[in-house]
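# Pasting the sequence and the predicted coordinates here, then a few questions.
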Amino acid sequence: MRLNKQFLLAAVITGVLAAPGFAVDVKTDDVLAVVNGENISQPEFNTEWSGFLAQAKTAMKPELMTPQWEKAQKTALLNQMVEQRLLGAVAKKKGLVAAKKDIAAALRKVKGNFNPPEGFQKELAKENLTEKQFSDRIANQLRISALTNSIIKERVKVPADDQVRKLFDSVKERMAQPDKAADAGDAKQAEITELARYFRTNTAERVKIQYILFKADDKSTSEEQAAAAKKAGEVKEKLDKGANFADTAAQYSDDKVTGAKGGEAGFIVRGQMVKDFEDAIFALPVGVVSGLIKTKLGYQIVRVMEKTAAADLRYAGAREYLVNYLVRVAAREELTRYVQDLKKSAVIDVRADFAKS
């Protein structure tokens, strides 16, 4: 996935730019909220929002990003920034300190995503930040992480085995009914449905593949279709004569993302692709290169790297994942309660109303 550079500054370290203690002088009209006397400014919010939006565009269909969706997401983001202010103040009061090596590692991670490296400094300048200010904000967010970890450690216990087994039984039951949808508004059943989908995917028959794509979709002319088929045939001949598949994919594939990885596309799970395509690749032995396979994208040549047979889900294999899931749920609930308690004793003035904007 290609990451927007502004997103890296705004959100690689969760909440970095929403951290407290770095207020700047802003006009009253630019203040969206005040938390215990500290401003959350429009420029701060804009940086967070642009980062969030860049990420959302890589994962969502444009038609789903309606004005109503945008208003709801902006409201949620501002609320998150308020909560970060509250948590940051507590972390500071408790005297929590981030280790220099952790700050340096986080900063290297952000810098490493910029090519050329000068892009990092240019983005800082665009956001009117110095590297020291950005490092300080990373340090503050690491303090918040230390705080939340201590809250979880104090309040969240490892679930009892009977609780884990009860969840396992519910998931197994839902896996046996793959077409059954959760009742609207039933969050617990919706989560069980997601767990069932996860385990169904991870226990299904699968193959790991490499492929080379010769693009010729429905919009292609007959001449373009013929040219793609001809090129695919020529490349197949090279492979039949012993050409390295990964090198060939890098050179000829029209899918530049997988091509750069030698054509590797990860695992394909039985039941997730078009049946004709699935039947063709699942029938291939490991290491064997297919003939030309016509799909809606064009012509593909596939090589199977690895095969995994379908397996029955057993408690012993699922227990660790379910324990971690229950701990995550409990942690989320405890942190929500903790933040709500902080809000009760805080002075918060939210001035922006995105629902009406």
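Sure, I can see it.
# count of neighbours near the closest residue to residue 178 other than its chain neighbours?
Leaving out its chain neighbours, the residue that sits closest to residue 178 by C-beta to C-beta, 6 or more residues apart in numbering is residue 200, at 6.6 Å. All C-beta spots, glycine's among them, are computed from the backbone N, C-alpha and C. Other residues within reach of residue 200 by the criterion other C-beta atoms under 10 Å amount to 18.
# got the buried residues for the host helix or strand of residue 200?
Here residue 200 sits within helix 187-203, counting by DSSP states H and E. For helix 187-203, the neighbour count (16 or more other C-beta atoms under 10 Å) marks 189, 191, 192, 193, 195, 196, 199, 200, 202, 203 as buried.
# Kindly export the helix or strand following it (C-alpha atoms) in PDB.
The element immediately downstream of helix 187-203 (helix or strand, assigned by DSSP H and E) is strand 206-215. Only the C-alpha atoms of strand 206-215 are listed here, as PDB (Å, rounded to 0.1, in the frame of the first residue of the first chain):
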ATOM      1  CA  ARG A 206      -5.300 -22.300   0.200                       C
ATOM      2  CA  VAL A 207      -2.500 -21.900  -2.200                       C
ATOM      3  CA  LYS A 208       0.300 -19.400  -2.300                       C
ATOM      4  CA  ILE A 209       0.900 -18.100  -5.800                       C
ATOM      5  CA  GLN A 210       3.100 -16.000  -8.000                       C
ATOM      6  CA  TYR A 211       1.500 -14.600 -11.200                       C
ATOM      7  CA  ILE A 212       2.300 -12.500 -14.200                       C
ATOM      8  CA  LEU A 213      -0.500 -10.300 -15.600                       C
ATOM      9  CA  PHE A 214      -1.000  -9.200 -19.200                       C
ATOM     10  CA  LYS A 215      -3.700  -6.600 -18.800                       C
END
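# Heading C-terminal from strand 206-215, find the next helix or strand.
As assigned by DSSP H and E, the chain's next helix or strand after strand 206-215 is helix 222-240.
# now the angle from that following helix to strand 206-215?
With axes from the mean of the first three to the mean of the last three C-alpha atoms, to 10 degrees as the basis, helix 222-240 and strand 206-215 are set at 130 degrees to each other.
# Which strands or helices does helix 222-240 pack on?
strand 206-215, helix 245-252, strand 298-308 (3 or more C-beta pairs under 8 Å, 6 or more residues apart in numbering; DSSP states H and E).
# Just send those back as CSV, with distance to residue 47 too.
Putting the helices and strands packed on helix 222-240 into CSV (distance: least, C-beta to C-beta, whole Å) gives the following:
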stretch, distance to residue 47
strand 206-215, 37
helix 245-252, 37
strand 298-308, 40
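# Now tabulate these in JSON lines and tack on mean pLDDT, mean neighbour count and distance to residue 84.
Formatted as JSON lines, these follow (pLDDT from 0 to 100; neighbours: other C-beta atoms under 10 Å; distance: least, C-beta to C-beta, whole Å):
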{"stretch": "strand 206-215", "mean pLDDT": "94", "mean neighbour count": "22", "distance to residue 84": "40"}
{"stretch": "helix 245-252", "mean pLDDT": "96", "mean neighbour count": "18", "distance to residue 84": "43"}
{"stretch": "strand 298-308", "mean pLDDT": "94", "mean neighbour count": "20", "distance to residue 84": "42"}
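# how about the ones you listed, which one is nearest residue 174?
Nearest to residue 174, of all those, is strand 206-215, at 20.5 Å by C-beta to C-beta.
# Can you pull the phi and psi angles for residue 286?
Main-chain dihedrals, residue 286, degrees, to the nearest 10: phi -60, psi 130.
# Tell me who's in contact with it.
304, 305, 306, 307 (C-beta atoms under 8 Å, 6 or more residues apart in numbering).
# ok, so of the residues you listed, who is nearest residue 332?
residue 306 (35.1 Å).
# what is the closest one paired to in the beta sheet?
Counting by DSSP bridges, residue 306 is bridged to residue 208.
# Can you tell me how far it is from residue 279?
18 Å (C-beta to C-beta, to the nearest Å).
# And residue 130, by the same measure?
59 Å.
# Likewise for residue 314?
Going from residue 314 to residue 279 by C-beta to C-beta gives 29 Å.
# Ok, residue 65 next?
36 Å.
# Compare the two (neighbour count), which wins?
residue 65 (14 against 11).
# in which helix or strand would I find the closest residue in space to that one that isn't next to it in sequence?
Once flanking residues are discounted, residue 65 sits nearest to residue 56: 6.8 Å by C-beta to C-beta, 6+ apart. For residue 56, the host element (DSSP H and E) is helix 42-59.
# Would you mind pulling up the elements that that helix packs against?
helix 5-11, strand 31-35, helix 67-93.
# Ranked by average pLDDT, which of the ones you listed falls at the bottom?
Lowest mean pLDDT within those: helix 5-11, a mean of 38.
# Now for residue 77: which residues touch it?
By C-beta under 8 Å, 6+ apart, the neighbours of residue 77 are 45, 48, 49, 52.
# scratch that, residue 171
192, 195, 196, 199, 313, 318, 322.
# List the buried residues of the particular helix or strand that has it in it.
Residue 171 belongs to helix 161-175 when elements are defined using DSSP H and E. Neighbour counts over helix 161-175 (16+ other C-beta under 10 Å) mark 164, 167, 168, 170, 171, 172, 174, 175 as buried.
# Alright, that wraps it up for me.
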